[in-house]
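>>> Any chance you could fold what I've pasted below:
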Amino acid sequence: MKFAPNFVFGTATSSYQIEGAHDEGGRTPSIWDTFCDTDGKVFEKHNGDVACDHYHRFEEDIQHIKQLGVDTYRFSIAWPRIFPSKGQFNPEGMAFYKTLATRLQEEGIKPAVTLYHWDLPMWAHEEGGWVNRDSVDWFLDFARVCFEELDGIVDSWITHNEPWCAGFLSYHLGQHAPGHTDMNEAVRAVHHMLLSHGKAVEMLKGEFNSATPIGITLNLAPKYAKTDSINDQIAMNNADGYANRWFLDPIFKGQYPVDMMNLFSKYVHTYDFIHAGDLATISTPCDFFGINFYSRNLVEFSAASDFLHKDAYSDYDKTGMGWDIAPSEFKDLIRRLRAEYTDLPIYITENGAAFDDQLVDGKIHDQNRIDYVAQHLQAVSDLNDEGMNIAGYYLWSLLDNFEWSFGYDKRFGIIYVDFDTQERIWKDSAHWYANVIQTHKAALPQEA
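Reported below is the predicted structural model:
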């Protein structure tokens, strides 16, 4: 595999998954704190109260990031640290991120900052959360202070991480906080997230006149029909509309897919929450497009399912999450995005895998993770040979961490974390990734 001189290698985390310090520094609860305390929602009722204790150990973690040799580190900002209550800015919360970003810069690591990675403050949830259109204004208040305080030391901004998860998985399927199962709520929540994205982009470029690149990250999974039958083709179309087009179309085409609006209208009896001008705002041009890619889905027709599709059996090799390992389908996805949606630079803002890592004699031999990442990096290299303009790759995740509803049962990290002692141990995959980066840099033309 080979990469252009300006290709960037990174690694990524998110605030609730690693920070801990859930009641320190002025932070108040998020919807995830509450969700974790609800019986039956999270594996063994695990929570992010301590997580990787990154809030206290960030200096140590920065040294690990530096040793990896990555160009950039992606992290998110915990909204409840910045606004612990409505309209109340907390300078102590902001100081943590200012220190973190500054220290990264001092170590030659570019900070890529995600504003929203799912930790909505409970005060916002109690006023309707993302279902309430006022959430757009609350998010803009949050974005504004982040831009004011951090724009000079941040290398790039991402408005939202995976609105499918924060919207449909959280408000429709109920598997993520706040755990609701209401499609009408979910569609409204997604609309307000996308609208807040567009308005934040407008704010950074307009009000702040900033040249810092800004984009959004979607989790995209290509859908394939189990058979060539008409029914399975319908299933594939609807699965794609639910997971992919409902987000891609408004961002890049300024419209929601009408076939899905029709399908959703069984639950969404009016689309009056879409105001005049909203879609023009949502499709405000960005500087790059972030994609989180993990897997593909094989689907088949199901008359019993709301949207007429369900997952079909697949004989692909699987990760520890039970997800298909599908680097060639990743290529299909990127080619489709180029053909149908955008010519913006693409960053793979997350890619990685959970496996059942075993600590043996102080080492973790995770060849399966190395193989997974190698296959996807090779795919990136191949795609760039085709002119697909993938500008960078962030391996998920730097650390084993709180894996949402799976608690600490699933490990995505390239660095093992002993959650009892907080010891960090490099897995074989971390050494391998560091070597990939070092080899790439060694091949670059040396500056005179």
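>>> Neighbours of Glu207, how many?
Glu207 has 12 neighbouring residues, counting by other CB atoms under 10 Å. C-beta: built from backbone N, CA, C; applies to glycine.
>>> Could you report the distance from it to Val113?
Using CB to CB, to the nearest Å, we find Glu207 at a distance of 18 Å from Val113.
>>> Please apply the same query to Phe147.
Taking CB to CB, one finds Phe147 at 10 Å from Val113.
>>> Grab the nearest non-local neighbour of the residue nearest the centre of the chain.
Centroid check for the chain by CA atoms, centre = their mean gives Asn161 as the closest residue, at 3.9 Å. In space, and not counting its chain neighbours, Asn161 is closest to His117: 4.4 Å by CB to CB, 6 or more residues apart in numbering.
>>> what's that neighbour in contact with, if anything?
14-16, 76, 161 (CB atoms under 8 Å, 6 or more residues apart in numbering).
>>> Flag every buried residue along the longest helix along the chain.
For the chain, the helix with the greatest residue count under DSSP state H is helix 183-205. Buried residues in helix 183-205, defined by neighbour count with 16 or more other CB atoms under 10 Å: 183-201, 203-205.
>>> Stretch 361-381 too?
For stretch 361-381, by 16+ other CB under 10 Å, it's 364, 366, 368-370, 372-374, 376-377, 379-381.
>>> for the strand or helix carrying Asp137, packing partners?
Using DSSP states H and E, Asp137 maps to helix 134-150. Packing partners of helix 134-150 (3 or more CB pairs under 8 Å, 6 or more residues apart in numbering; DSSP states H and E): helix 79-82, helix 91-106, strand 110-116, helix 183-205.
>>> can you pull the contacts of the closest residue to Glu162 other than its chain neighbours?
Leaving aside its chain neighbours, Glu162 sits nearest to Asn219 (4.3 Å; criterion: CB to CB, 6+ apart). By CB under 8 Å, 6+ apart, the contact list for Asn219 reads 162, 164-165, 291-294, 350.
>>> Closest to Gly413 out of those?
Closest approach to Gly413 among these (CB to CB): Glu350, at 12.7 Å.
>>> partner residues bridging that closest one?
Asn292 (DSSP bridges).
>>> give me the number of residues near it?
Other residues close to Glu350 by other CB under 10 Å number 25.
>>> Check the one 4 residues further on too.
With neighbours defined by other CB under 10 Å, the count for Ala354 comes to 23.
>>> what's the answer for Phe412, then?
27.
>>> picking up where we left off before, where does the residue nearest to Asn161 sit relative to Asp366, distance-wise?
25 Å.
>>> Equivalent analysis for His269, please.
49 Å.
>>> Repeat that for Asn244.
Taking CB to CB, one finds Asn244 at 30 Å from Asp366.
>>> can you list the weak-confidence ranges in the stretch 301-448 of the chain?
Within the stretch 301-448 of the chain, the stretches with pLDDT under 70 are 447-448.
>>> which residue ranges form the helices in it?
Under the criterion DSSP state H, counting those that start in this stretch, the stretch 301-448 of the chain contains helices at 327-340, 367-385, 428-442.
>>> Looking at these, which is nearest to Cys52?
The nearest among these, by CB to CB, is helix 428-442 at 14.7 Å.
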